[in-house]
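[1] Quick one, what's the 3D model for this:
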Amino acid sequence: MLLKIFLAALITLLFYLHRRVGFKFKVFFHPIILTPLFGVLFGREGFTTGVTLGVIVELIWGSNMVDYEEQGLKYGLLLSLLSLSLVILTNNISIFLNLALVLLLVYAFQEVVGFVEDKEYFIYLVFVFNFILLLGDGLIQELLGWIPAQFLEELSIGGGSLIPLVGLSILLIQALNPTLKRDNVWYYSYGISTVITSFILFQGQHWGIILFPLIWYLLYWTWEKVDNLAFKDYLRIGLVVLVVLSTPYIIELNIINIEGWIENILWSEALLASVSILRIFKLTGIEGYFIVTLLGVIGARWDFLL
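    Next comes the predicted model:
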């Protein structure tokens, strides 16, 4: 009980600090940084699980923390920290099912009480929500016990392979056809930093966490020095190129009967294009997450993904 109170209070504090600090310091309160560091509380397993969750949440919902589009989830940090806590508390049975459950609950919380965000008591509602959710770890663990092990394995295979595609497609479409309220260098610097850091972390190089703020700040600082409006377009083009080049290495497809690296790259790019087309039709990150997860499970069930 005391552990859950402590975790709920710490998650609430980090959420509060993210909302209160200036925009240039918010970089340090993104899931890709804080989730692995938060996981250190649970040991090495918590750190590595935090890297996986942090990258996935950052890719799909991190951009909403930079420029919210009035749709989808904007409490990405809350999602990643609560998901990590529940994964550990439920004995790490399933990362992706825990993430899906917490995603639904956090989004419901956002929609129900989001209209009082500017009230002083809002942060207390966040703490109560966090605590109640963490108290439900036993119920979630029991639910996981009812689900067939085969489905959880298929979810792990499909989710691990395809879910990052949703985030990569979001960054790609925003670079190709921006719908941002603030179409600026700050956002594109963020996108490039996210892709590079995600690529390095998914290669098992955990030191890459420190690159996230460094690249973001360096690109923005460079723009301030050159003072050239065209620099934004260079960043947009650079983001497109980085997403396309890094996709085969971030999603790491393992498709049956596909062994050559050229075929793997072509499949990866084809899947990225397919998910990006869905984004053109205003598909939110939440909708994309569940659609791609379902496709991943089907692919694993039919032995298409290994």
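[2] make it CA atoms for all contacts and neighbour counts henceforth
    Noted.
[3] I'd like the distance from the residue sitting nearest the centre point of the chain to His30, if you could.
    The centre of the chain sits closest to Val57, judged by C-alpha atoms, centre = their mean, with a distance of 1.2 Å. To His30, Val57 is 9 Å away according to C-alpha to C-alpha, to the nearest Å.
[4] Okay, buried residues for the strand or helix carrying Phe290 please.
    Secondary structure assigned from DSSP states H and E places Phe290 in helix 285-301. For helix 285-301, a neighbour-count test (16 or more other C-alpha atoms under 10 Å) marks 285-286, 288-289, 292-301 as buried.
[5] tell me what it is packed against?
    helix 149-162, helix 164-176 (3 or more C-alpha pairs under 8 Å, 6 or more residues apart in numbering; DSSP states H and E).
[6] Gly191: which of the buried residues of helix 285-301 is nearest?
    Gly285 (15.5 Å; C-alpha to C-alpha).
[7] looking at it, the closest one is touching Gly167, isn't it?
    Yes. When contacts are counted by C-alpha atoms under 8 Å, Gly285 is listed as touching Gly167 (7.4 Å).
[8] Which neighbours do those two have in common?
    60-61 (C-alpha atoms under 8 Å, 6 or more residues apart in numbering).
[9] Could you identify the longest helix within the protein?
    Determined from DSSP state H, the single longest helix within the chain is helix 230-251.
[10] what separates that one from the chain centre, distance-wise?
    18 Å (C-alpha atoms, centre = their mean, to the nearest Å).
[11] hmm, who's touching stretch 45-61?
    30-40, 73-74, 76, 79-80, 83-84, 88, 95, 163-164, 166-168, 170-171, 194-195, 198, 201-202, 206, 285.
[12] the bottom helix or strand of this protein by mean pLDDT?
    helix 149-162 (a mean of 76; mean pLDDT, DSSP states H and E).
[13] ok, and for it, which residues are buried?
    152, 154-162.
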